[in-house]
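*Asks:* coords please:
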Amino acid sequence: MWVANALDGTVSRIDPRSLDVRTIDVGGGPVGLAFGAGSLWVANSEAREVTQIDPESAKVVRSIPVGNGPRAVTVGLDAVWVANSLDGTVSQIDPERPKESKIISVGGNPVALTVFGDAVWVASESSGVVTRIAGDSGDVIAPITVGSGPTAVTGGEGAVWVANKQDATVSRIDPATNSVTAALSVGPRPVGVAIAGGNVWVAESGRGTLSRIDVAAGRVEDTVRLTASPAGLAPVSDGLWTTALAPLDSHRGGTLRIESPPLDSIDPSAAYARESWRVMSLVYDGLVGYRRVGGAAGATLVANLATHVPAPTEGGRSYTFQLRPGIRYSNGDPVRAKDFRASLERTFKNLPFYEGIVGGRACRQEPTGCDLSRGIETSDEARTVTIHLTAPDPDFLYKLALPFASFVPVESPDTPQAKEPLPGTGPYRIETTDVGETLRLVRNPYFRMWASDARPDGYPDEIRIRTGGDTTNQQMAAVLDGEADWAEVVAEGSPALREARPAQVHSDPLLSTYYMFLNVRVRPFDDPRVRQAINLAADRARLVELIGGALVAQATCQMVPPNIFGYRPYCPYTVDPGPAGAWVAPDVAKAVELVEASGTKGTKVKVWTFSGQEPIGRYFASLLRVLGYEVSLRVVSDEKYFSTVADSSAKVQMGSIGWFADFPAASNFVDQLFSCKSFIPASPANFNYSGFCSRRVDAAIGAAKQAQLRDPGSGGELWGAADRTLMDAAPAVPFANLRAVAVVSERVGNYQNHPLWGTLIDQLWVR
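*Replies:* Numbers count the residues shown, from 1 in each chain. Model (predicted):
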């Protein structure tokens, strides 16, 4: 028996007779397993790979690159099949020559698949569809609509069976007609389905039970109550195995002590820092949210205060949401539809963000008189919120899941609150705050779990967040000495970090890219050959060392980071570039040739940076001297740096930047930073520091957007093409993707890292 341990990065091999366990390190986030073709195949969500394990030696044979967010794997019909949840695709792998041989688009966030008969059946969670793929050709035969949130699928007893998590049903699909012939009600949150002993078994995580469906009778005949919450199911000749997660009550309670950098705000309408978003996500909710789990699955949009995630109408310009009934704020007041419009009008007065809503542009120009009544229609009686956009926006739901769109009562004051926290709907409320020192979060007495995906209950009874002035080394020392339970790390070389046990240190990918912008409007970077030369000559391994080492960063040649919708690996700026898109080493010789051909040697170049990235600036100054330029370095304060480099009239030639995603999509790194419309001349609000504008890149961005508007689950390949087109033009030198490194105390368990919110501190267990 094989078990994937997602939080540990391991796979366990269990001898079913002796129950001896052997653990194999596979790294990343193993989330799916399948045995076949003489091997065990492991879907690794973080590494974007399928790992092949030899069952006899229990050793890793090889790792095969696949798409973004692989969630499930199955073997059959002479192939290994992998569901790539972030790409909306299925990878077909030849086990005899292990490599990705075909990519099949299915859309809709595929999370489960099985081989039955002559086909592969793929369950796509967000679209409520099971796709049938012909095993011989890889062609899509039929998309079949099932229930809401299909998350598990299996075949047997003459049918394909699908567990629909959101509506607590199991769909029976007849392969002869490709249609659903029955929808059977089961227990809440079915997450697994298997065939054993001629029956269909369903794992129901909502109540900790297994249900047995009698195939002939077409109904649930028995229910087995477990002492924990079942997750995965596997049939064997004499029975059934299930993995089970510890029930909430077994780890509920205690006080969690957090060491944090200062927060920029405790008000959801004004909080923008990562540290603040981590806290806002504990207290406030919006219409939609991101699944509150670690790993790639955390980038999935789910319904939160709304009952479902709606499809747009009116050509993609309108969304209508239905509010869940009975939800209250932490002060006991009911949540009303009209609160949403008031909340967004309040956000415009503090941090304008939703300009695409009808009336949003006027609100941005005159925030104090913001009126979104034409753009947001609400009905408290019908519990509906309808949002009208000025133009279709494929990223709108991503933006709506951010803290800025959180519900607060309509009576809330317009100005950001510093010491009097606003009521929220989450499992915690901020009871006391001493700005710059400590936050105390306690349980919200009115919280009742309405959607375990978007808003699970928290484990600690109290969370104390100390935001004082200690250095990160002091914060780490507090955790290692047992005086605190969690702290974030900023450098691999810290002496305190080396004292930690491996189980106490966690390193997870951040949706971020560090890069040097190159101003394409000034000499010498108005010549693309110069820009390409610097990309070729940059030693990304050395730059990763300067940031802090492999624990906190990894090398990259492109703007879009891994584990994000639209990422496709690409690296033309390396010696021996290959199809894997990996950086190998700098190609200085080719870079020198390009500079010679440009005729720009000897040009004066001033490299700008700020205090936190001075080593990066010094490295690039040295590199440009090697390439023949007359170079100087300018190191300034953070405030002066960003206000200066944003203003195109300052004509800053190049400088260092770290960009963190607002939401998990490639558009955040391509469209927002390098499209023609993103360039705002002579303005401190400009984020297109390169002054870049290309019709070719804009056309690639437009094609990706149109594909995404036609089908929200598609367009990933086109965003990858836009990223490649951008990097061929080389308006920047991307060199590293950052990782979040955290240290936890020995009494903490259940560590999970979310792509947007970082460590899910409410899901930590405290002993």
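*Asks:* which secondary element of the protein has the worst mean pLDDT?
*Replies:* Averaged element by element with mean pLDDT, DSSP states H and E, the chain has its least confident helix or strand at helix 495-498 (a mean of 58).
*Asks:* Tell me which helix or strand comes right after it.
*Replies:* Proceeding C-terminally, helix 495-498 gives way to strand 505-509 as the next helix or strand, assigned by DSSP states H and E.
*Asks:* elements contacting the next helix or strand after that following strand?
*Replies:* Scanning forward in sequence from strand 505-509 by DSSP H and E, the next helix or strand is strand 512-518. Where contact means 3 or more CB pairs under 8 Å, 6 or more residues apart in numbering; DSSP states H and E, strand 512-518 is packed against helix 528-537, helix 614-626, strand 654-660, strand 732-744. In this view, the C-beta of every residue, glycine as well, is placed from N, C-alpha and C.
*Asks:* Quick one: distance of the first one to the chain centre.
*Replies:* Its chain's C-alpha centre lies 31 Å from the corresponding centre of helix 528-537 when counted by CA atoms, centre = their mean, to the nearest Å.
*Asks:* number of nearby residues for G612?
*Replies:* The local packing count at G612 equals 12, with neighbours defined by other CB atoms under 10 Å.
*Asks:* What backbone torsions are found at it?
*Replies:* Main-chain dihedrals, G612, degrees, to the nearest 10: phi -70, psi -20.
*Asks:* Just to check, it is in contact with S637?
*Replies:* No - the pair G612 / S637 is not scored as a contact, 10.1 Å apart, by CB atoms under 8 Å.
*Asks:* low pLDDT regions in this protein?
*Replies:* 248, 434-436, 490-500 (pLDDT under 70).
*Asks:* Break it into its domains for me.
*Replies:* Each structural domain of the chain that the record assigns through automatic domain parsing is listed here as a residue range: 2-250, 255-477, 512-740.
*Asks:* With distance to I761 added, can I get those in CSV?
*Replies:* As requested, the domains of the chain are exported to CSV (distance: least, CB to CB, whole Å):
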stretch, distance to I761
domain 2-250, 15
domain 255-477, 6
domain 512-740, 13
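*Asks:* Contacts only, for V595.
*Replies:* Residues in contact with V595, defined by CB atoms under 8 Å, 6 or more residues apart in numbering, are 529-530, 533, 601, 627-628.
*Asks:* helices or strands next to the longest helix along the chain in the packing?
*Replies:* Secondary structure assigned by DSSP state H gives helix 695-710 as the longest helix of the chain. Contacts of helix 695-710 with other secondary structure elements, assessed using 3+ CB pairs under 8 Å, 6+ apart, are made with helix 671-674, helix 716-729.
*Asks:* Name the residues of it that come out as buried.
*Replies:* Buried residues in helix 695-710, counted by 16 or more other CB atoms under 10 Å: 697-698, 700-701, 704-705, 707-709.
*Asks:* Output that helix as CSV, nothing but the C-alphas.
*Replies:* Extracted C-alpha coordinates of helix 695-710, given in CSV (Å, rounded to 0.1, in the frame of the first residue of the first chain):
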residue,chain,number,x,y,z
ARG,A,695,2.5,45.6,-30.6
ARG,A,696,3.6,42.0,-30.8
VAL,A,697,3.6,41.5,-27.1
ASP,A,698,0.2,43.3,-26.8
ALA,A,699,-1.2,41.0,-29.5
ALA,A,700,-0.1,37.9,-27.6
ILE,A,701,-1.6,39.3,-24.4
GLY,A,702,-4.9,40.1,-26.2
ALA,A,703,-5.1,36.5,-27.6
ALA,A,704,-4.6,35.0,-24.2
LYS,A,705,-7.3,37.3,-22.7
GLN,A,706,-9.8,36.4,-25.4
ALA,A,707,-9.2,32.7,-24.9
GLN,A,708,-9.7,33.1,-21.2
LEU,A,709,-12.9,35.0,-21.7
ARG,A,710,-14.3,32.3,-23.9
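*Asks:* Which residues does it contact?
*Replies:* Outside helix 695-710, the residues that touch it by CB under 8 Å, 6+ apart are 316, 392, 394, 566, 666-667, 670-671, 674-676, 714-715, 718-719, 721-722, 725-726, 729.
*Asks:* May I see the PyMOL selection of the buried members of the residues you listed?
*Replies:* The following PyMOL line selects those of these that are buried, judged by 16+ other CB under 10 Å:
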select buried, resi 316+392+394+566+666+667+670+671+674+675+714+715+718+719+721+722+725+726+729
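*Asks:* for the residue nearest to V180 when sequence neighbours are not counted, helix, strand, or coil?
*Replies:* Closest residue to V180 in three dimensions, ignoring its sequence neighbours and counting by CB to CB, 6 or more residues apart in numbering: S171, at 5.0 Å. For S171, the secondary structure call by DSSP: H, G, I helix; E, B strand; the rest coil comes out as strand.
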